[in-house]
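**Q** below: sequence and its predicted model.
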Amino acid sequence: MQDVSIIGVGQVPVGEHWDMGLRQLALGAIQAALQDAGIETVDALIVGNALSGNLSGQNHVGALVADFAGMAGAEAVRVEAADASGGMALRQGYLAVASGQVETALVVGVEKATDRTGSERDTALATVLDADYEAASGATRRPWPLS
């Protein structure tokens with residue numbers, strides 16, 4: 001196993017960014033992290049995201065963010081682990097470097113959870129819960145009928 005270090009960090013302030021999409025939010029954090037690390041390119045991009053498919057109509061966020069950030073040639077993937085998606089992305093980045101598969105990995109977490117409200121948001125949030133047990137008992141709103 002290779003030694004792994006976090007050499008740069010960056011973020012976009014948490015807030016209601018109505019004028020920004022997933023790509024723009026991720027790009028802001030990516031640019032800040034690259035600047036902090038003092039590097040211009042990476043071998044891999046891992047995007048942690050749980051709700052983009054339901055709330056933004058985008059599931060392949062890894063490729064979209066990589067393209068928008070000008071990361072041609074870098075591997076790009078989205079990982080989803082409900083509320084732990086950012087942590088899972090960090091673990092996948094760590095494993096990619098530790099295994100020697102890549103020399104540099106950039107990890108970013110991005111969500112636009114407050115762009116939708118009411119039942120539309122509740123339905124999306126319910127997809128990260130247990131539809132068979134929680135939704136069936138009425139503990140959460142289920143977005144689809146159980147068969």
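**A** Nice, I can see it.
**Q** centre of the chain to the longest helix along the chain, how far?
**A** The longest helix of the chain (DSSP state H) is helix 22-37. Relative to its chain's centre, helix 22-37 lies at 13 Å (CA atoms, centre = their mean, to the nearest Å).
**Q** keeping just the C-alphas, turn that helix into PDB.
**A** The C-alpha atoms that make up helix 22-37 are tabulated as PDB, following Å, rounded to 0.1, in the frame of the first residue of the first chain:
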ATOM      1  CA  LEU A  22     -24.100  21.000  -9.400                       C
ATOM      2  CA  ARG A  23     -21.400  21.600 -11.900                       C
ATOM      3  CA  GLN A  24     -20.700  25.200 -10.700                       C
ATOM      4  CA  LEU A  25     -20.800  24.300  -7.000                       C
ATOM      5  CA  ALA A  26     -18.400  21.400  -7.500                       C
ATOM      6  CA  LEU A  27     -16.100  23.500  -9.700                       C
ATOM      7  CA  GLY A  28     -15.700  26.100  -7.000                       C
ATOM      8  CA  ALA A  29     -14.600  23.500  -4.500                       C
ATOM      9  CA  ILE A  30     -12.300  21.800  -7.000                       C
ATOM     10  CA  GLN A  31     -10.500  25.000  -8.000                       C
ATOM     11  CA  ALA A  32     -10.000  26.000  -4.400                       C
ATOM     12  CA  ALA A  33      -8.600  22.500  -3.500                       C
ATOM     13  CA  LEU A  34      -6.300  22.500  -6.500                       C
ATOM     14  CA  GLN A  35      -5.000  25.900  -5.700                       C
ATOM     15  CA  ASP A  36      -4.500  24.900  -2.000                       C
ATOM     16  CA  ALA A  37      -2.600  21.800  -3.200                       C
END
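**Q** for that helix, buried residues please.
**A** 22-23, 25-30, 33-34, 37 (16 or more other CB atoms under 10 Å). Quick note: C-beta positions are derived from backbone N, CA and C, even for glycine.
**Q** great, nothing more from me.
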